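In: Any chance you could fold what I've pasted below:
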Amino acid sequence: QVQLVESGGGLVQAGGSLSLSCAASGGTFSPYRMGWFRQPPGKEREFVATISRSGTVTNYADSVKGRFTISRDNAKNTVYLQMSSLIPEDTAVYYCAATTRTIGVFMPERYEYWGQGTQVTVSS
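Out: Below is the predicted model:
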C-alpha cells in the first residue's frame, strides 16, 4: 500500500510560479503511473497531468499545457508539478495520485491511491 503526501502549496500572485511535490512511502514507487488532479472550489475533481512509470511519457490537460510540468524521481520516490504563469482559475486543492492501471488514466476513478491534497491559491 502506497502513502502519498503532497507539499508546496500556498498563495501566489497571478503570473507567478509554484512547485508541488508528492512523496510516496510504504511501497515501491516505480511500478505506479502518477497523476496530479485538482478540485476548484465548488467543482468536481479534474485531471491536470500524468506521467508514466519511467517518466518518459507525460500528458496534460489543455488548460495547463505549456504552463505546468510534471516530472518524477524514482530514486527519491517523488513526483513533482512545476506550475508557472499561474492564473486565478488555477486556484484549487491539488492532489497527487497513483495507479497501476494503463487505461483511462485521465479519470480520477482510475487511480487507487491518493494524497490528502495541498491548497493552491492564485490571487489576481
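In: and the closest residue to residue 32 other than its chain neighbours, how many neighbours does it have?
Out: In space, and not counting its chain neighbours, residue 32 is closest to residue 98: 4.0 Å by CB to CB, 6 or more residues apart in numbering. No exception for glycine: its C-beta is placed from N, CA and C like everyone else's. Neighbour count of residue 98, defined by other CB atoms under 10 Å: 22.
In: Check the offset of the helix or strand containing residue 98 from the chain's centre.
Out: Here residue 98 sits within strand 92-99, counting by DSSP states H and E. Mean C-alpha position of strand 92-99 versus that of the full chain (CA atoms, centre = their mean, to the nearest Å) differs by 5 Å.
In: burial of residue 20, as a residue count?
Out: 24.
In: I'd like to know which elements the helix or strand that contains it is packed against.
Out: According to DSSP H and E, residue 20 maps onto strand 18-25. Under the contact criterion of 3 or more CB pairs under 8 Å, 6 or more residues apart in numbering; DSSP states H and E, strand 18-25 touches strand 3-7, strand 33-39, strand 78-83, strand 92-99, strand 118-123.
In: List the strands paired with the first one, with their directions.
Out: Put plainly, it is strand 3-7. Partners of strand 3-7 in the sheet, by DSSP bridges, are strand 18-25 (antiparallel).
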